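1. sequence and predicted structure are below.
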Amino acid sequence: MTLFRRLTRAAALVGLMLAGGSAAPAFAGPAEVALIQSYIGEWRGRGVLVGANRETVVCRLNLTQGNQDKVNYNGRCTLAGTQLSIAGTIAYVEASRRYEAAMTSNATFTGIAVGQKRGNGLIFNLRERDQDEEGKDLNISAQINLNGNAIDVTFDVVYVESGDSLHAEVPFSR
């Protein structure tokens, strides 16, 4: 698999962890709504993707008020000359008593991550097994930590057969 395809997949995973949303209606209490709305604003991040090569990742993320107490987001990351656009919403879903983040991207990746309140912030974790465009199995783990005036994104992708891996950390600030 070429480095470009690996980076595109990795960028899509960064997108997943930066995005938020839910297909179900979100009816949340004031505290849950206030928590997700506290992240409304413009965010910038710069980090490193380490795989076969080391690449700088530069991201912008804009969170805005959405419908029904949701927070919408639009973002863009650049790495290895490739741009990834992401969009979605973050919501607290009262029926399941949890935060959910869903996203779509220009890399044809979509997904939902579940979040939990930790201290004064939120942590979204994703662990899944997937396949790349060539049908090769991947183990994926990602985490986004929204805590006060910071958003920290970490993710790992491991190709099961070869053991090749990608690791990225991107800290964001306003």
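-> It's in. Residues are numbered from 1 along each chain as shown.
2. can you list the low-confidence ranges for this structure?
-> Filtered on pLDDT under 70, the chain yields the residue ranges 1-28, 107-110.
3. please, where are all the strands along it?
-> If DSSP state E is used as the criterion, the strands of the chain fall at 41-50, 54-65, 71-79, 82-93, 98-105, 110-118, 121-131, 137-147, 150-159, 165-173.
4. kindly format the C-alpha coordinates of the fourth one as CSV.
-> So that's strand 82-93. The C-alpha coordinates for strand 82-93 follow below in CSV (Å, rounded to 0.1, in the frame of the first residue of the first chain):
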residue,chain,number,x,y,z
THR,A,82,-3.1,15.9,1.0
GLN,A,83,-6.2,17.8,2.4
LEU,A,84,-8.9,16.1,4.3
SER,A,85,-12.3,17.9,4.9
ILE,A,86,-14.5,16.7,7.7
ALA,A,87,-18.0,17.7,8.9
GLY,A,88,-20.6,16.6,11.5
THR,A,89,-22.1,17.3,14.9
ILE,A,90,-21.6,16.5,18.6
ALA,A,91,-24.6,15.8,20.7
TYR,A,92,-25.7,14.3,24.0
VAL,A,93,-28.4,11.7,23.4
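5. what about that strand, distance to the chain center?
-> On the basis of C-alpha atoms, centre = their mean, to the nearest Å, strand 82-93 is displaced by 7 Å from the centre of the chain it belongs to.
6. please name the strands paired to that strand in the sheet, noting orientation.
-> Paired neighbours of strand 82-93 in the sheet (DSSP bridges): strand 71-79 (antiparallel), strand 98-105 (antiparallel).
7. what's the angle from the shortest one to strand 110-118?
-> It stands for strand 98-105. Between the direction of strand 98-105 and that of strand 110-118, the angle (axes from the mean of the first three to the mean of the last three C-alpha atoms, to 10 degrees) works out to 150 degrees.
8. alright, that wraps it up for me.
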